[in-house]
Each structure stands twice: as structure tokens, then as C-alpha cells.
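Peer 1: Structure for the following, please:
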Amino acid sequence: MSGHPAVPGSPAHEPREVARPRVGRLTSYAHGGGCACKIPPGELEDAVRGLTGQDAPDVLVGLDDGDDAAAVLVRPDLAVLSTADFFTPVVDSAYDWGRIAAANALSDVYAMGGTPVVGINLVGWPRELLPMELMSEVLQGGLDVATQAGCPVIGGHSIDAPEPTYGMAVTGTADPQRLLRNDAARPGLPITLTKPLGVGLLNNRHKATGEVFPAAVETMTTLNRDASAAALAAGVEACTDVTGFGLLGHLYKMCRASGVAAMLDASAVPLVDGTAEALRDGFVSGGTRRNLDWVRPHLTAGTGVSEETLLLLADAQTSGGLLVVGEVPGYPVIGETTALPEDAATLVSVR
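Peer 2: Numbers count the residues shown, from 1 in each chain. Okay, the predicted model is just below:
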């Protein structure tokens, strides 16, 4: 694919019925789905611990705190952001999967307070199992969302793979004086969440039953562009997006990087329609359980906070919202940051 347009056609293209061999549901070709198929956070941190070469003077944000994108200073008033994100099918609609994956990749730039400039497709495709026309629908979905973001998608790279995989590498720009970082949280500030939780549970239910949840698709394909702009306008300094490590995992990473603690109000966390029922019926992914296991040593749950509530807060999100330290008008406040307690092992509390 390198050096060639991702797919022909107009950005206004609508998905169409195409003649193809009978194939199974798209999600059945992958062992996991969306950001729930990430390598568990503890294993990932062990794997990258000790990697060197990140101390170049122009690297503003590197590997140190696991932020959303790398940031490199190219001149005093300009930082270049770089990120990549890809995953296996999260829904059976090829076009919607492409849209979700593109919104998810672009989110890393928005979470840093940046503007995406160009995207590059990353594709793994089981060409002997799935028709190439289906891959074109995936790519068209990604192109349409990137076009909505004002981000051209120019080429990419593809391989013949055992599972379908799609995402993007995205380059963006930001004002180096206004970077949103996951290590910049200060105590005594409200915590804002810009999208509801629950898409992990609903995607798991979709994979198991085939039920379609339009509200989940809607939130996953919504760009975090407006939320990022609102956070910058509110003078926010600390932000990350909520993806595969769940709300608890990403909040824990932010608290650890910033040297603060946090108190969450579980009742204030917004949910996607159908989430409570999916939780009740047990559609909890393995990735979600691993998220909670990872955070649990640093977590305190108040009286009346059930295990099911903690699993919901650890739900592995795909293309989730921004988690912002500071109040952002128009979005719900779900807790507040606090000073580190004497028992510094406890960084996140839930009431």
C-alpha cells in the first residue's frame, strides 16, 4: 500500500452491498475485539521497562509515563505528535469497524491537545478467508472519519495476517506550551469524563450474540476533537483518553505519573444505553478483569461499592472519551484529585 491512496472513491461514500463469498461474522475471525485485545498493562510495562534512547533534548513526551502520543519539539512554537493504534474487529460491520478504529487512533492526538495532520493505514488481512472488498469497506470507514477530522490518509502498510487487524499511525501538531499530559495533574481539581462508559461490555455482548448496539457505535465513532478543544479553552493541563486499560487503569496511570491521588464517584459516571444489562448478564471481557487485577493493589473501594461496579469502572473501552483533570463545561464531573495519602500505595478510591 505504501505510496498509494488508501482506497479510491469519494469521502462521501456510503457502504454498499457487494458480491462476496459467504463469510462468517467479522468478529468471529478474531480472538478478542477492539482495545480489549491489548497486551495487559502490567505485562506491557514489564516489556518496555529499561528501554533507552528516550532522553534526546527535543523529546517533550516519550516512554516515561506511557502518555497517549510522543511529542517532539521542532521549533519553539511547534511540537510534532506521533502515535499508532490498531486492533481486531470490535463490530461485525466492516465500515463501522473502520470508523471506530480511525476515531480511536485520532484520539491520541486530541488527548495531547493536538491537531491531527496526516494518517497512515495499518492493515493485517486474512486474504484467503475474507474478501478484499470487505477490506475496502474497512478502509473507507477509516477514510471517512479521518476526512471528518480534516486529516488526510495517505497510503499505509498491509500484510497477509491470520486475523483481520486495522488502525492508523497518526501525526499531529500542538503548541508545546499547551500540551495536555498525563503527568500534569494537580490535587484539588475536579475530574471530567467526556464519553460514557460501557462499550467494552456491549462489544463483548455483540461478539457473543450478534445483537447490535447503535449507541455504542455512535460513541465510538464520535471524535474527541470538540472535547479536546473545550479542555484547552478551559485551561486544562492534564488529560488522557480512556481506552483498553479502562477508566480505573488510565486514572491510575495519570495519578502515578503526576504524584496525586483521586476519588471517583461511581454514581456520577455516565453509561452507554444497555451497559447495566450487559454487566448484569455477565458480558465482562478478560481484558476488563485483567485491568481490575492490575489496579486493585492501588485501589480502595468504599462501603457499598460492589465488585460489579469495579468491573464496570475497569471496562476495557474502545475509542473512549477524554479523562480530564479540571472542569470542562458541558461534560460530567465524576470525581476529584487529592493529595497523596500517607499510604501512597492507594492512588484511586471509589465511593
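Peer 1: For the stretch 1-150 of the chain, just list every one of the helices.
Peer 2: For the stretch 1-150 of the chain, the helices defined by DSSP state H, counting those that start in this stretch cover 41-48, 94-111, 132-148.
Peer 1: of those helices, which approaches Arg205 most closely?
Peer 2: Of all the helices of the stretch 1-150 of the chain, it is helix 94-111 that lies closest to Arg205, at 15.7 Å by CB to CB. Heads up, the C-betas are built off the backbone N, CA and C, glycines and all.
Peer 1: Which neighbouring elements make contact with that closest one?
Peer 2: strand 78-87, strand 115-125, helix 132-148, strand 165-174, helix 214-221, helix 225-233, strand 238-241, strand 322-325 (3 or more CB pairs under 8 Å, 6 or more residues apart in numbering; DSSP states H and E).
Peer 1: just so I know, which of the ones you listed lies nearest Asn182?
Peer 2: Nearest of those to Asn182, taken as CB to CB: strand 238-241 at 4.4 Å.
Peer 1: any idea which helix or strand comes after the closest one?
Peer 2: helix 246-258 (DSSP states H and E).
Peer 1: burial measure for Gly302, as a count.
Peer 2: As a burial measure, Gly302 scores 12 neighbours (other CB atoms under 10 Å).
Peer 1: do you know how far it is from Glu342?
Peer 2: The spacing between Gly302 and Glu342, counted by CB to CB, to the nearest Å, is 18 Å.
Peer 1: Columns mean pLDDT on top of the helices and strands packed on helix 94-111, output as TSV?
Peer 2: Output for these, formatted as TSV (pLDDT from 0 to 100):
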stretch	mean pLDDT
strand 78-87	96
strand 115-125	98
helix 132-148	98
strand 165-174	98
helix 214-221	98
helix 225-233	98
strand 238-241	96
strand 322-325	98
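Peer 1: Flag every buried residue along stretch 228-242.
Peer 2: Neighbour counts over stretch 228-242 (16 or more other CB atoms under 10 Å) mark 228, 230-232, 236-242 as buried.
Peer 1: need the strands for the stretch 251-351 of the chain, in chain order.
Peer 2: Counting by DSSP state E, counting those that start in this stretch, one finds strands in the stretch 251-351 of the chain at the ranges 261-264, 299-301, 322-325, 333-338, 348-350.
Peer 1: quick one on the thing from earlier: wait, which of the helices and strands packed on helix 94-111 is closest to His206?
Peer 2: Distance to His206, taken as CB to CB, is lowest for helix 214-221 among the helices and strands packed on helix 94-111, at 7.6 Å.
Peer 1: and the closest one, which residues are buried?
Peer 2: Within helix 214-221, the residues that count as buried by 16+ other CB under 10 Å are 215-217, 219-221.
Peer 1: same deal with stretch 173-181?
Peer 2: For stretch 173-181, burial by neighbour count (16+ other CB under 10 Å) applies to 173-174, 176, 179-181.
Peer 1: measure it end to end?
Peer 2: Terminal residues of stretch 173-181 lie 14 Å apart, using CA to CA, to the nearest Å.
Peer 1: contact partners of that stretch?
Peer 2: When contacts are defined by CB atoms under 8 Å, 6 or more residues apart in numbering, stretch 173-181 is touched by residues 60-61, 65, 67, 71, 73, 76-81, 109, 111-115, 117, 228, 231-232, 236-239.
Peer 1: repeat for stretch 296-312
Peer 2: Looking at stretch 296-312 with CB under 8 Å, 6+ apart, the contacting residues turn out to be 197-198, 201, 248, 252, 256, 266, 269, 271, 275, 279, 284, 288-289, 292, 345-351.
Peer 1: Need the buried ones from those residues selected in PyMOL.
Peer 2: Isolation of the buried members of the contacts of stretch 296-312 (16+ other CB under 10 Å) is achieved in PyMOL through the command below:
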select buried, resi 197+198+201+248+252+256+266+269+271+275+279+284+288+292+347+348+349+350
